Each structure stands twice: as C-alpha cells, then as structure tokens.
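[1] Starting from these lines, generate the structure:
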Amino acid sequence: MRYNSKLPDDSVNIPKENFFLQMLKLFATLAFFSFLIYSILKIALYFVVDNLPPSYEKKLTTLVAIDMDIDNLKSSDYLDEITKKISQCAQLPYDIKTFIIPDETLNAFALPGGTIYITQGMLKSLKNQNELVSIIGHEMGHFKNRDHLKGFGTKLLFSLITLSLGEGYGTILNTTLDISNIKYSQSAELEADAFSLDVMQCAYGNVSDATTLFQRMDDGDEWNYFFTTHPAFKKRLEQMQERIKNKGYNTKAVATPLKEKF
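    Model prediction:
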C-alpha cells in the first residue's frame, strides 16, 4: 500500500473550547477552593478570638492606629456614671472607659479592650439620656461579640490571600470576599443594636426613645448602604422595633433627661 502524507488539520492547535470560557472555569475553580480555604480559616479565627483571654484583647489595643488627637480627648464623670451603670447589665470581662472626641461630626466607635469614643457633635445631637445609652450599649455589643478583633483578623486573611494568589487573581477574589465580609459586618451592627436594647431594658426598665436617634439620622436612602459596613437606618430601625415587640420591652416610660449638656 502506498503511503500518502498529508498536513494536519488547520484546527489542530485551536482549542475546542472557547478561550474565555476556559478562563471562566479556571477562575471559578480557583475562587471555589480559595473561598473554601478562606471559610475554614475564618471559622478557626473566630474560634480563637471567642476564646482569647481578655488580657490579650487589651494588649492588642496598642497595635491599633487611629487618626485622632489623643491629647485633646476629654473624659466626663457623667459618661463614666452611665457607662458603669449599663456595664453591670452588659457583663463584660473588663471595665469600660468612655471618652469625648472634640469633633462636630456624628460618630461613635470603640477599640478592643474597653475604650469607647463619642464625638462632641454626636453628644450635642442627643435629646435625652436614653439615646446616649443606646450609643454606649451598641458599642458594648461589639465588645461582647468581639467584632473588632474578628474584623482585624479577617483583613489579615484578605492580605494573605492576595499575597498567595498574586496581584491579579488576588485582587479580584479579595473583592468578592470583601462583599461577603460587608454582609457579616452589617449583621454585626444589627446584633450590636439588639444588645443595646437588652442592656437599656436591664438597666432602666424600659427602651423608650431607643430608636429616636436613628430616626433623625435616617436619610431614607437604602441603596447607598449596600456596599457599606453599616446597614441602612431603615433596616436597623425595623430590626430594633421587631426585637422590642418580640421581647415585650417597655416603651411607655418617660425617657430619662440628660443631666449634663455637652
């Protein structure tokens, strides 16, 4: 038999599957295993944080850098009195100290280990003591759940994933994971809101005006909060009102007046 040679088909070096579809499958596989590893590490992280001794939590505060003038912070015996009163209901493993930041913006936050910061502007906006308790109680809720340490640990996991995957894939995947972390952060804020109601009811026997501050701050725009760490005020108000109803908390009492003007 005579052999007749012929050139290979022109499509021999052309993949049978679309290049972009191949890349999509590759990224999906990479994303799946990366998310799986991330989820396992996150569970381990939260276990460690939940079982971390309070003394270690206070030490970690020194590692946190905050952009504010520490020398101008102000203390208040009145704030300390309220903080001490509701701390008995919060049952935290350390003492809480509250400071005033000389800033006119509306803000309040806390750092691991028991320090709460409230801006002068936020304090000036308050109508009564119950609204102040709702702020301090909310921050205590973050202490109770150790949300600060979990947040710091999650950011560390993000950095490790970016470094391990390289700048390209790592940045894309980090964006996906960051969205999931935003949803966790919003959930943590709602839990802190619920905790503030619990300690107010415990310390004062009522939750009157526990939601009025949020009502004044509500801008009515829910979409702007989709990619933020805090949920929309409307959602927060709905969740708080639902908890008040389910728990049967007292809303009929007259809110306690402020004893001091800020």
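
[2] Low-confidence regions, the stretch 51-200 of the chain specifically.
    60-71, 162, 165-181, 183 (pLDDT under 70).

[3] which stretches of it form helices?
    54-60, 77-90, 120-124, 129-145, 147-165, 167-204 (DSSP state H, counting those that start in this stretch).

[4] The ones you listed: which one's closest to Pro257?
    helix 129-145 (6.4 Å; Cβ to Cβ). C-betas here are computed from N, CA, C, even on glycine.

[5] looking at the helices of the stretch 51-200 of the chain, which is buried most?
    helix 129-145 (a mean of 24; mean count of other Cβ atoms under 10 Å).

[6] can you put the helices of the stretch 51-200 of the chain in CSV and add distance to Ala255?
    Output for those, formatted as CSV (distance: least, Cβ to Cβ, whole Å):
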stretch, distance to Ala255
helix 54-60, 33
helix 77-90, 13
helix 120-124, 16
helix 129-145, 4
helix 147-165, 27
helix 167-204, 9
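
[7] show me what contacts Asp80?
    Listed by Cβ atoms under 8 Å, 6 or more residues apart in numbering, the contact set of Asp80 reads 97-98.

[8] Let's see that with 10 Å instead.
    95-99 (Cβ atoms under 10 Å, 6 or more residues apart in numbering).

[9] Same check on His230?
    So His230 contacts 182, 185-186, 188-190, 236 (Cβ under 10 Å, 6+ apart).

[10] That one in helix, strand or coil?
    The three-state label given to His230 by DSSP: H, G, I helix; E, B strand; the rest coil is coil.

[11] any idea how far it is from Ala192?
    In this view, His230 and Ala192 are 10 Å apart by Cβ to Cβ, to the nearest Å.

[12] still on that earlier bit, which of the contacts of Asp80 fall within strands?
    Applying DSSP state E to the contacts of Asp80, the entries found in strands are 97-99.

[13] which of the residues you listed lies closest to Ser125?
    Thr98 (16.3 Å).

[14] Double-check the closest one against Ile135; I have them as touching.
    Yes. Under the criterion of Cβ atoms under 10 Å, Thr98 makes contact with Ile135 at 9.4 Å.

[15] Of the helices of the stretch 51-200 of the chain, give the one that comes closest to Arg243.
    Here helix 167-204 is closest among the helices of the stretch 51-200 of the chain (Cβ to Cβ), at 5.2 Å.

[16] list residues touching both of Thr98 and Ile135?
    With Cβ under 10 Å, 6+ apart, Thr98 and Ile135 have common neighbours 82, 108, 116, 118.

[17] Quick check: the first one vs Lys252, distance?
    Spelled out, that is Ile82. Taken as Cβ to Cβ, the span from Ile82 to Lys252 is 22 Å.

[18] before we move on, what about the third one?
    Using Cβ to Cβ, one gets 29 Å for the distance from Ile116 to Lys252.

[19] which among the shared contacts of Thr98 and Ile135 end up buried?
    By neighbour count, with 16 or more other Cβ atoms under 10 Å, these hold 82, 108, 116, 118 as buried.

[20] Which member of those residues is positioned nearest Asp50?
    Ile116 (21.0 Å).

[21] Mind listing the residues bridging to that closest one?
    Thr98, Ala110 (DSSP bridges).

[22] Work out which residue lies at the spatial centre of the chain.
    Nearest to the mean C-alpha position of the chain, counting by Cα atoms, centre = their mean, stands Ser185 at 3.5 Å.
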